[in-house]
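In: Only the shape, not the letters, is given here:
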Ligand SMILES: CSC[C@H]1O[C@H](OP(=O)(O)O)[C@H](O)[C@@H]1O
Ligand SMILES: Nc1ncnc2[nH]cnc12
């Protein structure tokens, strides 16, 4: 893997779409993507978990930004990921839409390892140890999160994803509840069974959707998570409980599929009819009425980045 150290550290245009890569996806390797710049933005919340690589795609008027959630060397635990800096850094370079990838355990028989899932709900099983919000420190705000993922972006993935997965012998499942746990230890069998039996539509489990998706909502970014199944967690009596080895093994195949899916999604998103979606115009100003604090009491917030 090239570290791209010879590339410029600035990029002259706003980049609207970002990909956040998780476990097993520390870079985008599709042959159609050419790295053209590596940015190291700093934010009031510190540095992001990795440099942000700008890639040109076959559609050069639509560059994309890539950020490695756990760092270039996978050195950040899920609980240690600097989510506030990541989302703020992306927003500061112009990003308005985020497609995040995640390796997940399956809580359902029909979601097999190497299938992909685009969840429509998330259930919080983190422990309150992760910096959580851009509000606080004198600015009180509450954003809606009833629908945690951007429906329109999900529809674009649904439209092209079935074919990409089908060509690789997998399935794309639309909808379902993603359980986000703290980790880093995996679940006990008791927990895994309880998730399956008591959480509505429980489908998959990971350690990284929160607070990433909540911060994206506060920053008025359209956000979805494409989840790549790697294991059956530990609820299935005829399977070995999840290990990192199993996850990494399946992520080798999943990473190739993810690259092909990003390429297909981009081919669709560059169409004029999606320009407003990628710019997330439907979310611009959405948090205006979320702030309770008297105007003028505070100076600037993340929206001025
Ligand atoms: C290495 S298994 C657990 C690890 O995998 C997932 O990472 P990501 O969501 O960044 O792909 C999961 O959330 C855990 O962080
Ligand atoms: N079973 C599991 N639990 C939590 N995170 C995961 N990531 C991949 N598999 C997982």
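Out: That came through fine. Keep in mind that what you see is a predicted model, and the values were worked out from it rather than measured. Ligands and ions are numbered 1, 2, ... in the order given.
In: which bits of the stretch 51-200 of the chain sit near ligand 2?
Out: 103-105, 181, 186 (CB under 6 Å from any ligand atom). Quick note: C-beta positions are derived from backbone N, CA and C, even for glycine.
In: By neighbour count, which of those residues wins?
Out: Using other CB atoms under 10 Å as the neighbour test, those are led by residue 104, with 32 neighbours.
In: As a check, name the ranges of all strands in the stretch 51-200 of the chain.
Out: 52-56, 64-68, 97-106, 116-118, 121-125, 172-174, 177-181 (DSSP state E, counting those that start in this stretch).
In: do the same with the stretch 201-305 of the chain
Out: 202-206, 222-231.
In: low-confidence ranges in this structure?
Out: For the chain, applying pLDDT under 70 flags the ranges 1-3, 59-60, 298-305.
In: okay, which residue is most central for it?
Out: For the chain, the residue nearest the mean C-alpha position is residue 100 (2.1 Å; CA atoms, centre = their mean).
In: who's in contact with it?
Out: 19-20, 22, 69, 209, 212-213, 223-226 (CB atoms under 8 Å, 6 or more residues apart in numbering).
In: measure residue 139 to ligand 2 for me?
Out: 33 Å (CB to the nearest ligand atom, to the nearest Å).
In: Beta-bridge partners for that residue, please?
Out: residue 136 (DSSP bridges).
In: For the residue in the stretch 51-200 of the chain positioned nearest to ligand 2, which non-adjacent residue is spatially closest?
Out: When scored by CB to the nearest ligand atom, the stretch 51-200 of the chain has residue 105 as its residue closest to ligand 2, at 2.4 Å. Nearest residue to residue 105, sequence neighbours excluded (CB to CB, 6 or more residues apart in numbering): residue 233, at 3.7 Å.
In: I'd assumed residue 107 was in contact with that neighbour.
Out: Yes. With contact defined as CB atoms under 8 Å, residue 233 and residue 107 form a contacting pair (6.3 Å).
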